[in-house]
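[1] Sequence first, predicted model second:
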Amino acid sequence: MNHIELQHLSKSYDQSSFAVEDVTVSIEQGEFFILVGPSGCGKSTMLRMIAGLEKISAGKLYIDHQLANHLLPSQRNLSMVFQNYALYPHLNVEENILFGLKVRKIKKTVQRQRCEEAAALLGLTDYLKRKPRELSGGQRQRVALARAVVSEAPICLMDEPLSNLDAKLRGQMRTEIRQLQRKLGITMIYVTHDQVEAMTMGDRIMVMKDGKVQQVGTPLEIYNKPKNLFVATFIGAPPMNIAKAEVDRLNKQLILKNEIVITLTEEQLFSLKSDIVYIGVRPEQMAYGKGSNRDAHLNVSLSNIEVLGNETLLAFNVGDDIWKAKWLGQWPLDINKRTEISFPKEQLYLFDGKTEETLFSPVWNENVLKEVLAGESR
Amino acid sequence: MNLVEVKAQGQQEATLEAERVREIIAEKQVISHQNVWRKTTNIRLAILYLLPSIILFSVFLFYPMFKTVYLSFFLTDARGAAAVFVGLENYLYLLQSARFQKSMVSTSLFVLYTVPTSVIIGLFLALIANEKLRGIGFFRTIFSSTMGMSVAASAVIWLFLFHPTVGIINNFLGLFGIPAVGWLLDPTWALISIAITTIWMNLGFSFLIILGGLQNIDTHLYESANIDGAGYFYQLRRITVPMLSPTLFFIITITFINSFQSFGQVDILTRGGPAESTNLIVYSIYQDAFINYQFGTASAQAVILFLIVFVLTFLQFKFGERKVHYQ
């Protein structure tokens, strides 16, 4: 059942350029839907249009199959968590949590019950009488969540709620928010610029850039089958390695700037329409050594080595681009020596040189893997 | 273990820890062997920077203050020199004098008229000027313009507006058939007229400060309240006013002190009349000192004014600040 539907939704502030352009998507009941993109891509504007805090310039917004373009924020039956939490500094935690319920004149007994439940759920019971300034960042975040929980609204909007927290707390809150959403079964629309949050939390992700939708899909779809160069480089850490290459159709090969030559399969060659392409390789596909003849190999000088304990990140130049390789384990390599690095050719992504659309992406064998796992458990 | 024992143990641990800290410091601290001249470098530098204000304050503030207190115990000659020591006579005389009592009543009424009205109208103007509309800058400039106007100029403007026959106010009232009011000539109206002038003069300042306070409030608070469905006046009462309370407290205190010290508008509009109905305390001090050459009683009035303002401001801080939410 679709819960929120956007049809050709657009927003322009100055009537001469679009902040959000022609977004069409349908969000299911109980779905965790993520809007992700670099800052200024229009993702917050979209969220604010759904909330009713920004006017919709063009297009239609349906909530529960009802046209919601002109409904007041309070009539849309949703809750919202802001980046800076928007807690009232002069009210204590309990009053902050109950602010919305007081406005709606909900019975005192119901108020107290919901507040106690939400506080217990989020571990705030001991802090109910404190002022927001006496709380830590994570606790404030929880108060903001509690406010969304007590409203019992079926839709919750979150605008970069974790960006003010430190890395450790962010990881913890990520899981908490996801669990909370599953438990309450609410439809969540979550804005973030952090691709890790997008990958780990979302049922579906919408990647945006310059107000336009780049791709909508499950996290693995986005990761494995990016629609274009931008999506490919935005999702994944470290990002996908990219280099410009010329197509040599006679010899069935790609020629990179520093004379690296990669031979192509027939299938890959057929997908190429232009003579200039971008090639892309995920850092985790890189391996040490020359590899077999099915692998492409590079002889590079390393520019940096980061040993992280469980994995090692290597940086090296390919043409003008800095590439990265991510290897498991600790690799005590000598930074001054040249190193052989290889990657399987079938893991190569190819993007059009002009439109930056994906021309070829590696086989994604999700169904095969699922069957294998199902076989094992049987 | 009962509560008392737990407490006692906690205290014991704390004293042990304090002892350990002191021991380590005593053992390991490095004592500086600089001479006195070098050790006091910071203090001497601080005094150097403070000196200009210390001198200015001493000449124009501290010396006159002490001299006033001193003079309030004397009868003076025409040149203002202390002549006869009378102790508290001046104060006793004032407290029994009908003229002083009347002056105190008018002053209190005046403060009562001006302070709340200035702040409320200033708040109202700031609220409407805080909306994001095209050309709002023009209104903000207009609303704050009285801040840049001198007391004399403002008083003269209102002198013309209040004029019984050619004044615009009476002419306007005449359009509705309301008989002319002797704004500055009628003892019942004169104090109100002065109050109106003062409120008008205060508006620019209070408007500007309150507008600044409003713009400091996080807009997300209102957005969140909008999603909850809170109406305009509910938001005003539950968010704007509490968030604005430090600003309002500041502006109330400043306006309060300013009102007690009003002088210029009285001097130009009514000269304390008619029938001494606008003889505010500062004007009364001025008359006693520089017209009647009674520096003793004038000084005593100044001291009383100082004490009243001091005590009232102190009480304001003591009781008002409880309702202020600093962030």
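    Sure, I can see it. Residues are numbered from 1 along each chain as shown, chains lettered A, B, ... in the order given.

[2] what about residue 9, which helix or strand?
    Since no chain was named, I'll use chain A. strand A:2-11 (DSSP states H and E).

[3] Hmm, no, I was thinking of chain B.
    Using DSSP H and E, residue B:9 sits in helix B:3-28.

[4] Does the strand holding residue A:9 reach chain B?
    No: between strand A:2-11 and chain B, judged by Cβ under 8 Å from any Cβ of the partner chain, nothing touches; the nearest distance is 15.3 Å. From N, CA and C alone the C-beta is placed, and that goes for glycine too.

[5] What residues sit buried inside whichever helix or strand comes after that strand?
    Next in sequence after strand A:2-11, counting helices and strands by DSSP H and E, comes strand A:20-28. Neighbour-count burial for strand A:20-28, with 16 or more other Cβ atoms under 10 Å in any protein chain shown as criterion, is recorded at A:20, A:21, A:23, A:25, A:27.

[6] quick one: strands adjacent to strand A:20-28?
    Within its sheet, and counting by DSSP bridges, strand A:20-28 is paired with strand A:2-11 (antiparallel).

[7] any idea what sits nearest the residue of the stretch 101-250 of chain B found nearest chain A, other than its immediate chain neighbours?
    When distances are taken as Cβ to the nearest Cβ, the stretch 101-250 of chain B reaches nearest to chain A at residue B:229, 2.9 Å away. Nearest residue to residue B:229, sequence neighbours excluded (Cβ to Cβ, 6 or more residues apart in numbering or on different chains): residue A:74, at 2.9 Å.

[8] Counting neighbours, what do you get for the one you found?
    By other Cβ atoms under 10 Å in any protein chain shown, the residues close to residue A:74 number 18.

[9] For chain B, what lies in contact range of chain A?
    Applying Cβ under 8 Å from any Cβ, we find that chain B lies next to chain A at B:218, B:220-221, B:223-230, B:234, B:238-239, B:242-243, B:245, B:325, B:327.

[10] if we can go back for a sec, tabulate the buried residues of strand A:20-28 (CSV), appending pLDDT.
    Shown next, in CSV, are those (pLDDT from 0 to 100):
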residue, pLDDT
A:20, 90
A:21, 90
A:23, 91
A:25, 92
A:27, 93
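
[11] Give the phi and psi angles for residue A:321, as a check.
    Backbone torsions of residue A:321, given as degrees, to the nearest 10, read phi -90, psi 150.

[12] Can you name the residues bridging to it?
    Beta-bridge pairing for residue A:321 (DSSP bridges): residue A:318.

[13] State the number of residues packed around residue B:132.
    When neighbours are counted by other Cβ under 10 Å, residue B:132 registers 5.

[14] cool, and residue B:90?
    Residues within reach of residue B:90, counting by other Cβ under 10 Å, total 24.

[15] And the spatially closest residue to it that is not a sequence neighbour, how close does it get to chain A?
    Spatially, and ignoring its direct neighbours in sequence, residue B:90 is nearest to residue B:300 (3.9 Å; Cβ to Cβ, 6+ apart). In this structure, residue B:300 and chain A are 44 Å apart, going by Cβ to the nearest Cβ, to the nearest Å.

[16] For burial, what's the neighbour tally of residue B:300?
    Counted with other Cβ under 10 Å, the neighbours of residue B:300 add up to 29.

[17] Residue B:46 too?
    By other Cβ under 10 Å, the residues close to residue B:46 number 11.

[18] and it, what element?
    Element membership for residue B:46 (DSSP H and E) is helix B:41-57.

[19] Pull the distance from the helix or strand following that helix to the chain's centre.
    As assigned by DSSP H and E, the chain's next helix or strand after helix B:41-57 is helix B:63-71. Here helix B:63-71 is found 22 Å from its chain centre; the criterion is Cα atoms, centre = their mean, to the nearest Å.

[20] what does the domain assignment say about chain B?
    Using automatic domain parsing, the domain ranges for chain B come out as B:16-71, B:95-323.

[21] can you tell me the distance between the two ends of the longest one?
    End-to-end distance of domain B:95-323: 35 Å, with Cα to Cα, to the nearest Å as the criterion.
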